[in-house]
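Enquirer: Need a 3D model of the sequence below.
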Amino acid sequence: MPFAREKDSLDRKAGLTLAELLVALVVLSIVTLGMAHTIDAYLRVYDEGEQQRDTFGQARFAMDRMVMFVENTDDIVIGGDKSNQVLIVSERVMDVYSNATQSYYPEGDGFLDADNDVDGLVNEGANDQREYIVFTNDAGVLREIGPEYGTLLNDDYALPRILCENVTYFAAQSMGDHMVELTLEVDDGRHSMELKTRAASRNIKIPLGLLFDGFDAVAYDNNNGTRPWSGNWMEFFESNGPTAGRIRVTLSSKAQSLMLTLSALPDGFGVRRGANLTGASTATLSYDWLRDSYSGVVKARASWDGGSNWADIFSHTTGNDVSLQSSTYDISAYISPAFVIEFIAQSPTGGTIYFDNVKIELE
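Expert: Numbers count the residues shown, from 1 in each chain. Next comes the predicted model:
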């Protein structure tokens, strides 16, 4: 029947055979697998690119920020050799901060930020001392430690700010009276990069040395200056290290920063650190301190012979401070290769006394 043959022909044209379907599935699988590999490769390249951009972006941000400070300050302290990994600059000479309300405004308040006593003069007088910003490479992390502009105090510091990680080398060098060369090398395990630039500055001084411990980490071996300490802070009559015990490095709830902490000390307990002051004609010791419901006597003392003999510098007696206090002393009479600074209880103490930003400036 012609009619039946036409129907069979239409049935055969209506769909795919099993073989055709299997071939189509194989082809589709191959195409899908290829697309998956392509997408995976793209995502890996994208992730690697993002990591590279993040690493290099941090490095460029850090360099730009240091250049900004170099170009907008009137005093720069840098090391005298390429092994130094610290840059110290004075406060920026700009106006984005209100000293009266301790708040930031785009238009400022008509006084430069470094003018703490708002008298139109910068870095002069007892109430307007020069403060510094420190850039330092600490175990592969470039940190910025700057003044705390949220208070009217001089020489109080905010918590350290991380600018760049994966740092393998950082150096600041003088290239003349008004030129600084900055070098920053980073390596995240996949990519490495060296950034080097020069910035014109108003004034550079290369002192004989600055020993500085800002207690920006819970450790006794911090070296935040241009000249290293002779050793670490050493406890006596206690050996719990910086993380525990009566003597430790911990966060002060009043100052909101890490500080050397002495709590409820028996008579004779204390902590000391050595420094080689050889070659200096003058030496100035300064540090911040704060008493929290504190009673008793803790003395700051200096030794010129490694601890055999001592000279009293200052006695911290009973009191309770609302904010950080600052002290500065001429210790030129004790210059020696075996100088030691010590904080020691001269009677049983109660409460807590904190110490921070211990500095020795040599000229």
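
Enquirer: tell me what the helix or strand where E20 lies is packed against?
Expert: Using DSSP states H and E, E20 sits in helix 18-71. For helix 18-71, the contact count by 3 or more Cβ pairs under 8 Å, 6 or more residues apart in numbering; DSSP states H and E identifies strand 86-90, strand 132-138, strand 161-164, strand 179-187, strand 192-200 as packing neighbours. All C-beta spots, glycine's among them, are computed from the backbone N, C-alpha and C.

Enquirer: let's see it at 6 Å
Expert: Counting contacts by 3 or more Cβ pairs under 6 Å, 6 or more residues apart in numbering; DSSP states H and E, helix 18-71 packs against strand 161-164, strand 179-187, strand 192-200.

Enquirer: give me the low-pLDDT residue ranges for the chain?
Expert: Low-confidence segments of the chain (pLDDT under 70): 1-16, 45-49, 51, 74, 78-84, 91-130, 149-156, 176-177, 202-208.

Enquirer: Can you tell me which residue is spatially central in it?
Expert: Relative to the mean C-alpha position of the chain, the nearest C-alpha, by Cα atoms, centre = their mean, is the one of R143, at 2.9 Å.

Enquirer: Distance check, the closest residue in space to that residue that isn't next to it in sequence against A139.
Expert: Nearest residue to R143 in three dimensions, chain neighbours excluded: P160, at 4.4 Å (Cβ to Cβ, 6 or more residues apart in numbering). Between P160 and A139 the computed distance is 12 Å (Cβ to Cβ, to the nearest Å).

Enquirer: if we can go back for a sec, for the helix or strand harbouring the residue nearest to the centre of the chain, which strands pair with it and how are they oriented?
Expert: Under the assignment given by DSSP H and E, the secondary-structure element containing R143 is strand 141-145. For strand 141-145, the paired strands and their directions (DSSP bridges) read strand 132-138 (antiparallel), strand 161-164 (antiparallel).

Enquirer: Neighbours of the closest residue to T328 other than its chain neighbours, how many?
Expert: Setting aside the residues directly before and after it, T328 is nearest to S286 in space (Cβ to Cβ, 6+ apart), at 4.3 Å. Using other Cβ atoms under 10 Å, S286 has 17 neighbouring residues.

Enquirer: hang on, S286 packs against V358?
Expert: No: shown here, S286 and V358 do not form a contact pair, counting by Cβ atoms under 6 Å, at 7.8 Å.

Enquirer: now for the helices and strands packed on helix 18-71, which one comes closest to G274?
Expert: Nearest to G274 among the helices and strands packed on helix 18-71 is strand 161-164; the distance by Cβ to Cβ comes to 29.6 Å.

Enquirer: one step back: buried residues in whichever strand or helix holds the residue nearest to T328?
Expert: With the criterion set as DSSP H and E, the secondary-structure element containing S286 is strand 283-295. Along strand 283-295, these residues count as buried under the neighbour rule (16 or more other Cβ atoms under 10 Å): 283-292, 294-295.

Enquirer: could the residues you listed be laid out in CSV, adding distance to T261?
Expert: Output for the buried residues of strand 283-295, formatted as CSV (distance: Cβ to Cβ, whole Å):
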residue, distance to T261
A283, 26
T284, 24
L285, 20
S286, 19
Y287, 14
D288, 13
W289, 11
L290, 10
R291, 12
D292, 9
Y294, 11
S295, 16
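
Enquirer: Contact partners for G146?
Expert: With contacts taken as Cβ atoms under 6 Å, 6 or more residues apart in numbering, G146 has the following neighbours: 133, 158.

Enquirer: next one: phi and psi at it?
Expert: Listed backbone geometry of G146 is phi -130, psi 170, with angles given as degrees, to the nearest 10.

Enquirer: Then Y334?
Expert: With angles defined as degrees, to the nearest 10, Y334 shows backbone torsions of phi -110, psi 10.

Enquirer: Was I right to think it contacts A302?
Expert: Yes: contact between Y334 and A302 holds when scored by Cβ under 6 Å: they sit 4.7 Å apart.

Enquirer: Neighbour count: the two, which is higher?
Expert: Neighbours around Y334 and A302, counted as other Cβ under 10 Å, are more numerous at Y334. The numbers are 23 against 20.

Enquirer: Now do the same for P242: helix, strand or coil?
Expert: Applying DSSP: H, G, I helix; E, B strand; the rest coil to P242 yields a three-state assignment of coil.

Enquirer: For it, which residues are in contact?
Expert: The contact partners of P242, by Cβ under 6 Å, 6+ apart, come to 218-220, 248-249.

Enquirer: How about it: what's its closest non-neighbour residue?
Expert: Counting by Cβ to Cβ, 6+ apart, the nearest residue to P242 once its immediate chain neighbours are dropped is V249, at 4.3 Å.

Enquirer: Alright, calling it a day.
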